[in-house]
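S.K.: return a 3D structure for these sequence lines:
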Amino acid sequence: MSNGTGGYVILVRFRAKAGQERIFADEMRSAVPATRAEPGNRQYEFYGDQDDPANFMLYEEFADEAALQTHRARPEMAAHLAAIKPMLDGAPDATFWSQALTNAKAAGGQSGDAGHVTLVRFRMKADAVDQVLGLIGGDLDDMQGNIRFDLNRGRDDPLECMICARWASRAVWEAHNARPHFKEFAARVTPLLDVPMRRALFKPTT
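M.R.: Predicted structure coming up:
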């Protein structure tokens, strides 16, 4: 486990129009290789909701806000955004975060190897920040089958947290949750939260 790099993280949620899900996913995936090649980009991952085929999310991390603005200024991005706009049922929902914890180096895997992704949102109590981060950070070395885990804090409200955890498969994630150690960890963290953890499950799109 290591402290986060302070990277500039953006989580974007999309809802595609009925019948547009596949073409939307194809267009979103087409932007991944060039974005990942940008010097300031650290992560650019696109996933589909496991329970609702119209819902998608894009997880982005840049070295800083300047790198994000450079990305947005690329001419290809304007064309990409124009292409997806008519496929969407409403405007994208973007939230902005700072990376606080990651196991990127320790995990060793590539996010592209993930078969299951867990997105978790919660809010810490103001007097329990160090405890929550300490408990979650201390648990990162005991996550068998985890490919990458990032905990981010809200840029506007640092008590707001968002976790993006990638796993080899859903079965591996479920086995992790069933372990006594994880249940003990969850019991210790839950009383320290002002808003409890809300989970959404995603997977790679094909």
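S.K.: just the strands in this structure please.
M.R.: Per DSSP state E, the chain carries strands over the ranges 2-3, 8-15, 41-49, 55-62, 93-102, 116-124, 146-154, 160-167, 193-204.
S.K.: could you dump those strands to CSV with distance to Ala73?
M.R.: C-beta: built from backbone N, CA, C; applies to glycine. Converted to CSV, the strands of the chain look like this (distance: least, Cβ to Cβ, whole Å):
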stretch, distance to Ala73
strand 2-3, 30
strand 8-15, 15
strand 41-49, 13
strand 55-62, 13
strand 93-102, 17
strand 116-124, 28
strand 146-154, 24
strand 160-167, 25
strand 193-204, 28
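S.K.: which of these has the lowest mean pLDDT?
M.R.: Among the strands of the chain, strand 2-3 has the lowest mean pLDDT, at a mean of 60.
S.K.: surely Ile23 is in contact with Met87?
M.R.: Yes - look at Ile23 against Met87 with Cβ atoms under 8 Å: they come within range, at 6.5 Å.
S.K.: pick out whichever of the two has more residues nearby.
M.R.: Shown here are Ile23 and Met87; by other Cβ atoms under 10 Å, Met87 has more neighbours (18 against 14).
S.K.: I'd say that one and Ala18 touch.
M.R.: No - applying Cβ under 8 Å, one finds Met87 not in contact with Ala18, separated by 10.6 Å.
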